[in-house]
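Undergrad: Give me coordinates for this.
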Amino acid sequence: MFDFRIKREETVPDIDREAVYDTVILGGGPAGLAAGLYAARAGLNTLVVEKAVVGGQIALTAFIENCPGCIEGSGQEFIAYIQKQATKFGAGIAYREVVGVDLQGDVKTIDTRDGKLLTRTVIIGTGVSSQKLGVPGEEQYRGKGVSYCSTCDGPFYKDQEVAVVGGGDAAVEEANYLTRFASKVTIIHRRDVLRATKVIQDRAMANPKIEFRCGTVVEAIMGNHKANKLLIRNLKTDQKIEMSIGGLFVYVGMIPNTKLFEGQLRLSPEGYIITDEKMATSVPGVFAAGDIRQTPLRQVITAAADGAIAATYADRYIHAD
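TA: Residues are numbered from 1 along each chain as shown. Below is the predicted model of the structure:
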């Protein structure tokens, strides 16, 4: 049986600073771990570099039910399973913060706070980060009533009234999840209609604990030692009211983690890495997979597929001679 708890354990006791890896994979989410699995199975000397804990955004998901062939369970269960698959075939996992990259030439350089790594190919799977509201009080009360992860923080709000900002799949799914703990969940969305898929919307609308405030935005977050009020504004009437809350969960979009690659790779106007169908970027030997790349769909199944393709063509790149 698998132990589904995510553990921050390196699978490489020491990194040889003089070695040139076949592939270094940046990011330990579904894309990075799938790439690690395929690269290791191909016999490549493979290292997955993760800043914190493997999983990425999917590890924050309460329940996965739209991934064909995947176990139905939490994001953490899914990631623990795929991590074991990758390490089983020899992919190493190292926890390092990457502070710079040089992607040119036959040997690429990855600068971490603990030294340099050399590699023949790079697969970028650094994913995305949560978009902030950018309103007064958000930074002040971050971690003090303002959260971006219902799975992480939902249990702290048992029998309290909370709000969720956003109208997409993530926002509405997490609102449903929060009703396990909160006495009431209010979804605040700037548009008149939700953007979430119909099945997710229907589930939320049938939930007696969920209330909707569409056509509404958050103007400010207020409180004392923690956030306990929102100033919200109706976009049609321009009316502003104060709303009492126990906590606020923000799901208003994502920002690609591509700052390290600016000026080295071709990016979309939104900052996503542009690839071809082989996941190849504008620099030979550099591939990108998952949410970090320009793609019409960002789901766990597409991220894993991207990782498999990227590793396959990294292998072909190495053995092209």
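
Undergrad: Can I get the longest helix belonging to the chain in PDB? Just the C-alpha atoms.
TA: In the chain, taking DSSP state H as the definition, the longest helix is helix 300-318. Extracted C-alpha coordinates of helix 300-318, given in PDB (Å, rounded to 0.1, in the frame of the first residue of the first chain):
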ATOM      1  CA  VAL A 300      -3.700  17.700 -14.200                       C
ATOM      2  CA  ILE A 301      -4.100  15.300 -17.100                       C
ATOM      3  CA  THR A 302      -2.800  17.700 -19.700                       C
ATOM      4  CA  ALA A 303       0.100  18.700 -17.400                       C
ATOM      5  CA  ALA A 304       1.100  15.000 -17.000                       C
ATOM      6  CA  ALA A 305       0.800  14.500 -20.800                       C
ATOM      7  CA  ASP A 306       3.000  17.500 -21.400                       C
ATOM      8  CA  GLY A 307       5.600  16.100 -19.100                       C
ATOM      9  CA  ALA A 308       5.600  12.800 -20.800                       C
ATOM     10  CA  ILE A 309       6.000  14.400 -24.200                       C
ATOM     11  CA  ALA A 310       8.800  16.800 -23.000                       C
ATOM     12  CA  ALA A 311      10.800  14.000 -21.500                       C
ATOM     13  CA  THR A 312      10.400  11.800 -24.700                       C
ATOM     14  CA  TYR A 313      11.700  14.600 -26.900                       C
ATOM     15  CA  ALA A 314      14.500  15.600 -24.400                       C
ATOM     16  CA  ASP A 315      15.600  12.000 -24.700                       C
ATOM     17  CA  ARG A 316      15.500  12.200 -28.500                       C
ATOM     18  CA  TYR A 317      17.400  15.500 -28.400                       C
ATOM     19  CA  ILE A 318      20.200  13.900 -26.400                       C
END
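
Undergrad: Which elements pack onto that helix?
TA: Judged by 3 or more Cβ pairs under 8 Å, 6 or more residues apart in numbering; DSSP states H and E, helix 300-318 is in contact with strand 20-26, helix 30-41, helix 75-88, strand 115-124, strand 286-288. The C-beta positions use only the backbone N, C-alpha and C, and glycine is treated the same way.

Undergrad: ok, which stretches of the stretch 151-300 of the chain are helices?
TA: Here the stretch 151-300 of the chain has its helices, by DSSP state H, counting those that start in this stretch, at 169-178, 198-205, 300-318.

Undergrad: any chance of those in a markdown table, plus mean neighbour count, distance to Phe63 and mean pLDDT?
TA: Formatted as a markdown table, those follow (neighbours: other Cβ atoms under 10 Å; distance: least, Cβ to Cβ, whole Å; pLDDT from 0 to 100):
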| stretch | mean neighbour count | distance to Phe63 | mean pLDDT |
| --- | --- | --- | --- |
| helix 169-178 | 24 | 7 | 94 |
| helix 198-205 | 14 | 11 | 95 |
| helix 300-318 | 22 | 12 | 95 |
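
Undergrad: if we compare these, which one ends up closest to Lys184?
TA: helix 169-178 (9.6 Å; Cβ to Cβ).

Undergrad: circling back to that earlier point, for Gly43, which of the helices of the stretch 151-300 of the chain is the nearest?
TA: helix 300-318 (8.2 Å).

Undergrad: The closest one vs helix 75-88, what angle?
TA: Using axes from the mean of the first three to the mean of the last three Cα atoms, to 10 degrees, the direction of helix 300-318 lies 20 degrees away from that of helix 75-88.

Undergrad: mind giving me the domain ranges of this structure?
TA: 20-129+254-318, 132-250 (automatic domain parsing).

Undergrad: which residue packs closest to the residue nearest the centre of the chain, ignoring adjacent ones?
TA: Note on the chain: the residue nearest the mean C-alpha position is Gln57, at 2.6 Å, using Cα atoms, centre = their mean. Spatial nearest neighbour of Gln57, chain neighbours left out: Gly127 (6.1 Å); criterion: Cβ to Cβ, 6 or more residues apart in numbering.

Undergrad: burial count for that neighbour?
TA: Applying other Cβ atoms under 10 Å, we find 25 residues neighbouring Gly127.
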